[in-house]
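Visitor: Got a predicted structure plus its sequence, pasted below:
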Amino acid sequence: MKGNKIKGNENNGMNEDQIVKKKIIFYDTKPYDIDSFDRLNQQYEIIYQEAKLNPSTARLAKGCEGVCAFVNDDIGQATIDILVEEGVQILAMRSAGYSNVDIKAAAGRLPVVRVPAYSPYAVAEHAMALLLTLNRKTHKAYMRTREFNFSLIGLTGLDLHGKTVGVIGTGKIGRVFIDICRGFGVNIIAYDPYPANDGAINYVGLDELFEKSDVISLHAPLTPQTRHILDKSAFDKMKKGVFIINTSRGALIDSEALLAALNEEKVRGAGLDVYEEEADFFFEDRSGSIIKDDVLSLLLSRPNVIITSHQAFFTEEALSSIAEVTLQNIEDYFAGRELANEVKL
Ligand code: NAI
């Protein structure tokens with residue numbers, strides 16, 4: 001064991017105050033992160049930083065053995081170089097996605113671990129919440145009845161029963177989403193270059209999925225192959241009146257192409273928990289500022305677009321699980337154990 005808390009009679013007579021704990025710096029932390037990690041952590045001295053991790057803040061990790069970061073931190077080559085220079089030994093992502101980490105730059109220098117599955121249910125349930133809200137316009141009904149406006153005009157939805165839902169990416173979250181959809185009596189088709197081979201899912205080609213789906217829900221990771229998987233040519237192939245749901249990563253959708261498809265009424269509604277350029281906005285209260293992203297402003301101005309700020313994961317169960325697995329990943333590293341959740345090239 002390379003360090004950590006010295007427990008019970010292993011502590012050579014030292015009391016708790018004399019035990020030197022390894023330091024882990026957490027970037028981009030919010031009160032809910034502090035609550036969930038403090039509830040479980042005993043073995044590390046955690047330094048919580050509000051700042052995001054990027055080349056200008058990476059030096060704050062000086063003297064820390066580990067760094068814990070999140071989805072909108074900028075962990076490119078420059079950041080990694082500084083962390084390595086400062087002696088950081090492990091980068092623990094407290095997220096499933098790691099598209100913001102330059103894995104090539106980290107390879108062989110800084111092990112990167114992540115939390116591969118903290119609650120696929122949280123994300124899949126949020127995707128369904130977005131779809132149901134968009135379809136039945138409960139966001140509008142809520143505002144109306146609070147103003148004593150009990151009119152139904154403009155609130156017409158569709159039966160989901162009998163419609164076709166196209167799922168892109170049938171990993172952990174995509175499969176839970178499919179299970180949830182089954183309860184609605186919809187036809188499900190899916191696309192995944194690595195299909196599950198249990199015969200439970202009806203896989204089709206991507207073009208067929210675009211052509212047949214009344215709802216398209218994205219559950220694939222962001223990779224060079226999935227970047228802008230929904231672009232103008234994809235929207236052109238879709239049925240008029242399709243619903244688009246994205247709880248995966250913003251850059252899976254070309255936002256300008258989505259805006260055009262919304263303007264042409266090709267898309268009946270879009271539920272977005274992620275946005276291509278979210279890093280400057282999401283997770284922060286920007287209500288007092290001028291948003292200088294015209295595409296985001298235009299999307300937000302559409303009554304048939306619902307944007308949530310990357311909150312699909314945000315359940316109590318998921319937060320506890322993130323804290324537990326992240327601390328276990330760090331513990332495994334310092335104990336010299338095999339890293340079950342290491343991100344490899
Ligand atoms: P997973 O790794 O279990 O599944 C991803 C699936 O996508 C795999 O089956 C894979 O074969 C498939 N895939 C890979 N390339 C593809 C392509 N070109 N086209 C279609 N499918 C492709 O991942 P999981 O846990 O289901 O998560 C999916 C994504 O959800 C994550 O990558 C992450 O970006 C996002 N996510 C979002 C959260 C949120 O709060 N909004 C929280 C957690 C994850």
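Guide: Done, it's in.

Visitor: confidence score at the closest residue to Leu40 other than its chain neighbours?
Guide: Leaving out its chain neighbours, the residue that sits closest to Leu40 by C-beta to C-beta, 6 or more residues apart in numbering is Ala323, at 5.0 Å. Glycine gets a C-beta too; all of them are placed from N, C-alpha and C. Note on Ala323: pLDDT of 97.

Visitor: Run through the residues that contact Ala323.
Guide: Ser36, Phe37, Arg39, Leu40, Asn41, Arg94 (C-beta atoms under 8 Å, 6 or more residues apart in numbering).

Visitor: how close does whichever residue of the chain sits closest to the ligand sit to Ser248?
Guide: Proximity of the chain to the ligand (C-beta to the nearest ligand atom) peaks at Gly171, 1.6 Å away. Separation of Gly171 from Ser248 (C-beta to C-beta, to the nearest Å): 10 Å.

Visitor: Please identify which of these two sits among more neighbours.
Guide: Between Gly171 and Ser248, counted using other C-beta atoms under 10 Å, the more crowded position is Ser248 (26 against 17).

Visitor: and the residue lying closest to the more buried one once chain neighbours are set aside, how many residues sit next to it?
Guide: Excluding the flanking residues, the one nearest Ser248 by C-beta to C-beta, 6+ apart is Leu218, at 4.4 Å. Counted with other C-beta under 10 Å, residues neighbouring Leu218 total 28.

Visitor: close enough to count as contact, Leu218 and Phe243?
Guide: No. Using C-beta atoms under 8 Å, Leu218 is not in contact with Phe243; the gap is 11.8 Å.

Visitor: Spell out which parts of this protein neighbour the ligand.
Guide: Counting by C-beta under 6 Å from any ligand atom, the chain comes close to the ligand at 96-97, 117, 120, 123, 168-174, 191-194, 219-223, 225-226, 247-249, 273-274, 310, 312-313.

Visitor: The same query, at a cut-off of 5 Å, please.
Guide: 96-97, 123, 168-169, 171-173, 192, 194, 219-221, 225-226, 247-249, 273, 312-313 (C-beta under 5 Å from any ligand atom).

Visitor: And those, which of them are buried?
Guide: 96-97, 123, 168-169, 171-173, 192, 219-220, 226, 247-249, 273, 312-313 (16 or more other C-beta atoms under 10 Å).

Visitor: check which helix or strand covers the residue nearest to Leu40.
Guide: Applying DSSP states H and E as the criterion places Ala323 in helix 316-334.

Visitor: Domain parsing of the protein, as residue ranges.
Guide: 16-118+315-334, 120-307 (automatic domain parsing).

Visitor: most tightly surrounded among those?
Guide: Highest mean neighbour count of the domains of the chain: domain 16-118+315-334, a mean of 19 (counted as mean count of other C-beta atoms under 10 Å).

Visitor: Off-centre distance for that domain?
Guide: Mean-position distance between domain 16-118+315-334 and its chain equals 16 Å (C-alpha atoms, centre = their mean, to the nearest Å).

Visitor: again with stretch 173-193
Guide: In terms of C-alpha atoms, centre = their mean, the centre of stretch 173-193 is set 19 Å apart from its chain centre.

Visitor: Compute the first-to-last residue distance for that stretch.
Guide: 16 Å (C-alpha to C-alpha, to the nearest Å).

Visitor: Other residues contacting that stretch?
Guide: Contacts of stretch 173-193 (C-beta under 8 Å, 6+ apart): 120-121, 123-125, 127-128, 160-171, 196, 201-206, 208-209, 212-213, 215, 217, 219-220, 225, 247-248.

Visitor: Sort out for me which of the residues of the chain next to the ligand are in strands.
Guide: Applying DSSP state E to the residues of the chain next to the ligand, the entries found in strands are Ile168.

Visitor: The residues of the chain next to the ligand in helices, which ones?
Guide: Taking DSSP state H, the ones among the residues of the chain next to the ligand that sit in helices are Val123, Lys172, Ile173.

Visitor: Could you provide the residues you listed in a markdown table, with additional columns for distance to Asp254 and pLDDT?
Guide: Formatted as a markdown table, these follow (distance: C-beta to C-beta, whole Å; pLDDT from 0 to 100):
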| residue | distance to Asp254 | pLDDT |
| --- | --- | --- |
| Val123 | 22 | 97 |
| Lys172 | 26 | 94 |
| Ile173 | 22 | 96 |
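
Visitor: which of these lies closest to Lys344?
Guide: Comparing these against Lys344 with C-beta to C-beta places Lys172 closest, at 18.3 Å.

Visitor: so what's that closest one up against?
Guide: Applying C-beta under 8 Å, 6+ apart to Lys172 gives the contacts Pro116, Ala117, Pro120.
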